[in-house]
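1. Sequence and predicted structure are below.
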Amino acid sequence: MTEHNLVSMTAPLRDDFDIPCHDIGPAEKLPWVVLVGGVHGNELNGIFVLSRLANLLRRAAAGQHPDFRVRRRVMVVPAVNVLGVNTGSRIWPFDKTDINRSFPGHPAGETTQRIAYALLAGTLSARHRIDIHCSNDQFEELPQVRLYEPHDDERAGAYLFGLPAIVERPMSGVFTSTLGHAWRHHGGENYVIQAGQAGSLQLPHCERLFQALLNFLLHKGALTGTRFTEPEEDVHYFGVDQSVPVISRGAGLFVSHLEVGRWVRRGEVLGNLHDAFDGDIISDITSPASGLLSGMRRQPLLCEGDLVARVQSLGAEGAAMNTYLHGQGQ
Ligand SMILES: [Zn+2]
């Protein structure tokens with residue numbers, strides 16, 4: 001059990017920086033699971049949950065946890081964008097680049113390319129790889145597993161988290177430079193999890209995410225424990241044609257009382273659009289499909305064409321809607 005730096009960089013004009021990694025369990029073995037958070041520095045749910053999870057794993061590995069023992073090697077990188085965390089920034093602060101658009105990276109490239117290269121190299125040997133994101137700071141995502149053109153082991157493995165939604169996506173050309181995509185070329189099982197909204201902590205999502213990661217580690221044999229509760233909620237799998245975006249047809253203040261994770265009917269009012277000057281309700285915004293409300297806009301200033309919500313339908317209602325499929329947080 002050690003803490004080491006996955007990346008260490010020197011810089012001529014400012015302080016050096018490191019990207020620290022918890023390396024827990026039998027060091028002579030290849031990592032069984034690697035968990036990565038904070039590729040975007042303002043996605044705090046994942047950073048918080050991974051730091052707490054590493055705390056549990058370290059105590060378990062030292063024989064100091066009453067309920068759990070570590071059986072296999074687990075690596076945890078709570079925050080990749082260490083400088084972005086300091087400034088609350090999604091992107092790398094100095095050159096304004098998105099680390100998750102820099103993979104597979106290059107050992108002699110710009111800083112973000114070097115970070116990407118080192119992160120990829122440092123995580124490839126793990127059998128199971130998990131990259132945790134939030135949405136952006138305007139949109140809230142129900143904690144969910146995202147799969148991109150998965151193989152059958154990934155489809156089966158996604159259920160082990162016990163999160164309420166597994167959402168399968170086609171691979172977009174825009175997303176070929178992400179960590180999740182880079183991992184796919186190297187076998188193993190690869191998962192992207194989205195949970196909540198960037199810029200703040202949503203504790204109910206954090207608790208759900210923490211339990212989900214614990215479930216996965218237990219099911220995969222990385223941990224054994226006495227406190228192993230099967231998730232209570234049903235897990236639903238949504239295929240590529242089952243994501244239905246709700247797009248605004250007008251501008252105004254969007255107000256909604258609905259929580260993500262509830263089931264809505266086609267035509268149900270998701271929220272109201274108010275005139276920001278006189279307060280009149282301009283229109284109701286209704287759900288175009290029946291299904292699980294998996295994402296909701298939380299920044300209320302709405303323009304025409306903005307994404308308001310996302311509904312996961314049990315039917316193939318999203319077939320013609322291949323825009324807005326990806327969460328902005330990845
Ligand atoms: Zn992200």
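-> Cool, got the structure.
2. contacting residues around the helix or strand of the chain with the lowest mean pLDDT?
-> Least confident element among the helices and strands of the chain, by mean pLDDT, DSSP states H and E: strand 2-9 (a mean of 81). With contact meaning Cβ atoms under 8 Å, 6 or more residues apart in numbering, strand 2-9 is reached by 16-23, 27, 77, 111, 114-115, 118-119, 122. Backbone N, C-alpha and C define where each C-beta goes, glycine included.
3. Report the two of those residues separated the most.
-> Farthest pair in the contacts of strand 2-9 (Cβ to Cβ) is Ala27 and Thr111. Separation: 29.0 Å.
4. For those two, indicate the residue with more neighbours.
-> Ranked by neighbour count (other Cβ atoms under 10 Å), Ala27 and Thr111 place Thr111 first, with 18 against 10.
5. Narrow the contacts of strand 2-9 to just the buried residues.
-> Buried subset of the contacts of strand 2-9 (neighbour count, 16 or more other Cβ atoms under 10 Å): 17, 19-23, 77, 111, 114-115, 118-119, 122.
6. quick check, nearest of those to Met296?
-> Met296 lies nearest to Val77 out of the buried ones among the contacts of strand 2-9, by Cβ to Cβ, at 29.0 Å.
7. What backbone torsions are found at the closest one?
-> With angles defined as degrees, to the nearest 10, Val77 sits at phi -110, psi 90.
8. do you know how far it is from the ion?
-> 14 Å (Cβ to the ion, to the nearest Å).
9. Ser51 is in contact with that residue, correct?
-> No - the pair Val77 / Ser51 is not scored as a contact, 10.4 Å apart, by Cβ atoms under 8 Å.
10. Tell me the bridge partners for the residue of the stretch 101-250 of the chain at minimum distance from the ion.
-> Closest contact between the stretch 101-250 of the chain and the ion, by Cβ to the ion, is at His133 (3.3 Å). Following DSSP bridges, His133 is listed with bridge partners Gln194.
11. Contacts only, for it.
-> Val39, His40, Glu43, Gly46, Val192, Ile193, Gln194, Ala195, Gly327, Gly329, Gln330.
12. change it to 10 Å
-> Counting by Cβ atoms under 10 Å, 6 or more residues apart in numbering, His133 touches 36-40, 43, 45-46, 100, 141, 146, 178-180, 192-196, 198, 327-330.
13. Repeat that for Ala61.
-> So Ala61 contacts Met1, His22, Ile24, Gly25, Pro26, Phe68, Arg69, Val70, Arg71, Arg73, Val74, Leu223 (Cβ under 10 Å, 6+ apart).
14. Not counting its neighbours along the chain, what's nearest it?
-> Of all residues beyond its chain neighbours, the one nearest Ala61 is Val70 (4.2 Å), with distances taken as Cβ to Cβ, 6 or more residues apart in numbering.
15. Show the contacting residues for the one you found.
-> Contacts of Val70 (Cβ under 10 Å, 6+ apart): 1, 24-26, 32, 56-63, 217, 222-224.
16. what's across from it in the sheet?
-> In this entry, Val70 is beta-bridged to Leu223, by DSSP bridges.
17. Leu53 versus that one, what's the distance?
-> Per Cβ to Cβ, to the nearest Å, Val70 is found 12 Å from Leu53.
18. Residues of the stretch 101-250 of the chain that sit close to the ion?
-> Applying Cβ under 5 Å from the ion, one finds that the stretch 101-250 of the chain approaches the ion through His133.
19. low-scoring pLDDT stretches of the stretch 101-250 of the chain, where are they?
-> Residues of the stretch 101-250 of the chain that meet the criterion pLDDT under 70 lie in 227-233.
20. can you map out the strands along it?
-> Applying DSSP state E, counting those that start in this stretch to the stretch 101-250 of the chain gives strands spanning 128-133, 139-148, 165-169, 189-196, 223-225, 236-238, 243-247.
21. Tell me the buried residues in the second one?
-> If I follow you right, that is strand 139-148. Going by neighbour count (16+ other Cβ under 10 Å), the buried part of strand 139-148 is Phe139, Glu140, Glu141, Leu142, Pro143, Gln144, Val145, Arg146, Leu147, Tyr148.
22. relative to strand 165-169, how tilted is that strand?
-> For strand 139-148 against strand 165-169, the angle by axes from the mean of the first three to the mean of the last three Cα atoms, to 10 degrees is 60 degrees.
23. and the angle for strand 139-148 with strand 189-196?
-> 170 degrees.
24. Strand 139-148 pairs with which strands, parallel or anti?
-> Short version: by DSSP bridges, strand 139-148 pairs with strand 165-169 (parallel), strand 189-196 (antiparallel), strand 291-297 (antiparallel).
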